[in-house]
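Student: how would this look folded up:
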Amino acid sequence: MPGMVVFGRRWGIASDDLVFPGAFELFIRIIWWIGTLILYTIHKGRFDCPGGAVLNIYLVGLLVILAAIILSQCAIVYVSAQGTITNPGPRRSIPVLVCVRFLLYLPEIVWACLGTMWVSGDSKGCDLAEVGAVIGAVVASWIILFFTGVGVLIVFDPLGSQRRSAALYEPGASDMQSSDSAQLLYTARSLAVRVWESRLRLLCCCLPQDDSHRAAFSGIAQLVSGFFSDTDLVGSDIAAGLSLLHQEQDKVEQCRDPDEVVPHSPSSPIREDLQTELERAAHCMQFAAAAYGWPLYVYSNPLTGVFKLSGDCCRSRSAEYDIVGGDHLGCHFTSILLSTGLQYRDFIHISFHNQIYEIPFFVALDHKKEAVLVAVRGTLSLKDVLTDLSADCENLPIEGVTGACYAHKGITQAANYIYKKLINDGILNQAFTIAPEYRLVITGHSLGAGTASVLAVLLRSAFPTLQCYAFSPPGGLLSKALADYSREFVVSVVLGKDLVPRLSIPNMEDLKRRILKMVSNCNKPKYQILLRGCWYEVFGGEPDNFPTELENRRDEELSQPLLGEQSLLLHRSPSYQSLDSEDSPSHVTHLPLYPPGRILHITEEGSRRRSCFSPVRYRAEWSNETAFSSILISPRMLSDHMPDVVLGALQRLTQERPFSLCPSSLSNSHLNVI
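Tutor: Predicted structure coming up:
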């Protein structure tokens, strides 16, 4: 950190990122040089084939070129391993070494062309071993040159123009009040938005480029470019910071004093409430998982799923339900039947239609729980990802709710889409005509959980008895007023250290600040941090107690944007300025959003790193949004979000309940644990 400046521009790679790729190439080059030397030594003076003279020149030149490359790579690896992430001073010679290494590509290209010409024209009559060795050398040359070109494209930063950045951050530019300065800042930000928008369009090139998609791309680009505008981190800096933060969080967790234990009697109505909610949640999670259709069913049943679906997928049916789009072979609906155990006649409406802000859902009659059940699918397509990333706030006024009412934009629009379908198309009216005594239950997982929660808020006034079970909902979903309002009818279920319920723009800003603080305080080289981090994630052990080189420094020094190297994109970043104190206000401009309803948190008991063959034991407790106000780094932060894992945890809690009863670990008597 920051990005390396070479050839008059900034690149998306730091000067300490060349250790591992340089060491790998160095290993290949040394093996290659030794093989070429052996070949030349064995056949020296005996190149008597028609192209022997050219072969002799080629091998001698290749040895010289490889030797020069090896020396330059040794220098690059050694210098790149010096210093720390925020102290690139010992690596100030890296740009010169990179330029020297780049110049060595020119003779290598010439020699690769010479070897290609010899193999294709002058190798006739030569020893087959010589020809094979030269062919291998030529192929290796072109492969390395190709991957070098690919690497250059990957680390190329469209925003790394030194001329533009120098003009933007020239001395006194930040204090200018003139229209020229404002125009320069506006141009730089507009360029960043256009770059991110182009990246999104390239990534989503298979999607139609209509007005709704273009608007989504523009909104997401503004959000992403704004998030990264005040940092100069490269990818490896983020990886190192996450590794350090994970170990720091584990150290804090190990040093935490045990909480006071408050037992509850088995007859406590609070305990009965928790057990009842767990059983209802386990039942509803089957429908939330079923909404994903055949992909999740096959994933959850790898041995039998395909065979169970294959017999019914293409069978024609004349059922009394309404099915919309996206299930031409019937595999989605067949998997829903197998997952839920319902009959054809129990389904009122099924929609597999999927566009941005329009996600699949189904409406069915759940006779077991006497409910009209609406299940909303979670993220399963690129269009769903765009809906997730549309994370700006949108007003959501609700009658009777005091305070600011707003919610996640993409999810709110998805909920409005389903709301119009349910009400305007008379789907709920049809369902309650069949079963007027049933109550309304809404459920979903991930994106479906967020949509189900907002949908429940919209339908609450018309259906006062409705209940919503949201599994792994997004953390940045509802304003404080709406989150408090939803506690009356929404139950959110979160497993372990799941990332998504902790994911919000303020939490991401906090994570960015924490990463900056961790990498700034660590005095270890980046390659050591990454090696130690990989070992810790795979094999475990005790968290490394990294010493800090900033312990005895003045706090004011942290207000400087960088230590030892000028940034081309960053000047007096608020994120860097906030490093001097945990309480320093960040430059957060986004409104805070919270997870919906009451939160039921399920955690794993026992050792933090259990054996793969040891049984899993879970505990459940009521929690609140403050427990999800920061992102926890863990190898399970993604796996805990998977719907099959959440369903398995709920089933274990309900089926093995006698073995999962635990006293409360919280001092508040209104919180209890199973």
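
Student: Tell me which helix or strand comes right after the one helix or strand in the chain whose mean pLDDT sits lowest.
Tutor: Averaged element by element with mean pLDDT, DSSP states H and E, the chain has its least confident helix or strand at helix 574-577 (a mean of 41). Heading C-terminal from helix 574-577, the first helix or strand you meet, by DSSP states H and E, is strand 598-604.

Student: and that next one, which residues are buried?
Tutor: Of the residues in strand 598-604, 598-604 count as buried by neighbour count, 16 or more other Cβ atoms under 10 Å. All C-beta atoms are positioned from the backbone trio N, CA, C, and that covers glycine.

Student: For it, name the packing helices and strands.
Tutor: helix 269-290, strand 490-495, strand 618-623, helix 643-655 (3 or more Cβ pairs under 8 Å, 6 or more residues apart in numbering; DSSP states H and E).

Student: What values do phi and psi take at residue 87?
Tutor: Taking degrees, to the nearest 10, you get phi -130, psi 80 for the backbone angles of residue 87.

Student: ok, it to residue 524 distance?
Tutor: 11 Å (Cβ to Cβ, to the nearest Å).

Student: Could you do residue 471 as well?
Tutor: 40 Å.

Student: neighbour count winner among these two?
Tutor: The residue with more neighbours, out of residue 471 and residue 524 and counting by other Cβ atoms under 10 Å, is residue 471; that gives 30 against 19.

Student: which residues does that one form a beta bridge with?
Tutor: residue 445, residue 493 (DSSP bridges).

Student: okay but it is in contact with residue 444, surely?
Tutor: Yes - contact between residue 471 and residue 444 holds when scored by Cβ atoms under 8 Å: they sit 7.1 Å apart.

Student: How is the residue nearest to residue 461 when sequence neighbours are not counted assigned, secondary-structure-wise?
Tutor: With Cβ to Cβ, 6 or more residues apart in numbering as the measure, residue 399 is the residue that lies nearest to residue 461, at 6.4 Å, once sequence neighbours are left out. Under DSSP: H, G, I helix; E, B strand; the rest coil, residue 399 falls in the coil class.

Student: Can you pull the phi/psi pair for residue 399?
Tutor: As for residue 399, its main-chain torsions (degrees, to the nearest 10) stand at phi -60, psi 130.

Student: Give me the pLDDT for it.
Tutor: The model reports residue 399 with a pLDDT of 88.

Student: what residue ranges in the stretch 101-250 of the chain are flagged as low confidence?
Tutor: Along the stretch 101-250 of the chain, segments meeting pLDDT under 70 span 122-125, 161-189, 208-209, 225-231.

Student: all helices of it, in order?
Tutor: Counting by DSSP state H, counting those that start in this stretch, the stretch 101-250 of the chain forms helices over residues 128-155, 162-168, 179-203, 211-228, 235-255, given from the N-terminal end onward.

Student: With residue 296 as the reference, name the closest of those helices.
Tutor: Minimum separation from residue 296 across the helices of the stretch 101-250 of the chain (Cβ to Cβ) falls at helix 179-203, 23.8 Å.

Student: one step back: is it possible to get TSV of the helices of the stretch 101-250 of the chain that adds mean neighbour count and distance to residue 380?
Tutor: As requested, the helices of the stretch 101-250 of the chain are exported to TSV (neighbours: other Cβ atoms under 10 Å; distance: least, Cβ to Cβ, whole Å):
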stretch	mean neighbour count	distance to residue 380
helix 128-155	15	28
helix 162-168	15	40
helix 179-203	15	17
helix 211-228	17	17
helix 235-255	18	26
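
Student: Distance to residue 112 added to those helices, as TSV?
Tutor: Supplementary listing: the helices of the stretch 101-250 of the chain in TSV, determined by distance: least, Cβ to Cβ, whole Å:
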stretch	distance to residue 112
helix 128-155	4
helix 162-168	32
helix 179-203	31
helix 211-228	38
helix 235-255	30
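
Student: closest to residue 414 out of the ones you listed?
Tutor: Residue 414 lies closest to helix 211-228 among the helices of the stretch 101-250 of the chain, at 12.0 Å (Cβ to Cβ).

Student: Flag every buried residue along stretch 292-308.
Tutor: Within stretch 292-308, the residues that qualify as buried by neighbour count (16+ other Cβ under 10 Å) are 292-294, 296-298, 300-301, 305.

Student: and it, C-alpha only, in CSV?
Tutor: Below are the C-alpha coordinates for stretch 292-308, written out as CSV (Å, rounded to 0.1, in the frame of the first residue of the first chain):
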residue,chain,number,x,y,z
TYR,A,292,-34.4,-22.2,-4.6
GLY,A,293,-35.7,-25.0,-6.8
TRP,A,294,-33.7,-27.9,-8.3
PRO,A,295,-30.1,-26.4,-7.9
LEU,A,296,-30.3,-26.5,-4.1
TYR,A,297,-32.2,-29.8,-4.1
VAL,A,298,-29.5,-31.5,-6.2
TYR,A,299,-26.7,-29.9,-4.1
SER,A,300,-28.3,-31.1,-0.9
ASN,A,301,-29.0,-34.6,-2.3
PRO,A,302,-25.9,-35.3,-4.5
LEU,A,303,-26.5,-39.0,-4.7
THR,A,304,-30.2,-39.3,-5.2
GLY,A,305,-31.4,-35.8,-6.2
VAL,A,306,-30.9,-36.2,-9.9
PHE,A,307,-32.6,-39.6,-10.1
LYS,A,308,-35.6,-38.3,-8.0
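
Student: Strands along the stretch 401-550 of the chain, start to end?
Tutor: Assigned by DSSP state E, counting those that start in this stretch, the strands in the stretch 401-550 of the chain fall at 406-408, 439-445, 467-471, 490-495.

Student: can these go into CSV with extra columns for distance to residue 478 and mean pLDDT?
Tutor: Written out in CSV, the entries for the strands of the stretch 401-550 of the chain read as follows (distance: least, Cβ to Cβ, whole Å; pLDDT from 0 to 100):
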stretch, distance to residue 478, mean pLDDT
strand 406-408, 5, 93
strand 439-445, 15, 96
strand 467-471, 11, 96
strand 490-495, 9, 96
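
Student: Of all these, which one is nearest residue 645?
Tutor: Each of the strands of the stretch 401-550 of the chain was scored for nearness to residue 645 using Cβ to Cβ, and the closest is strand 490-495 (6.6 Å).
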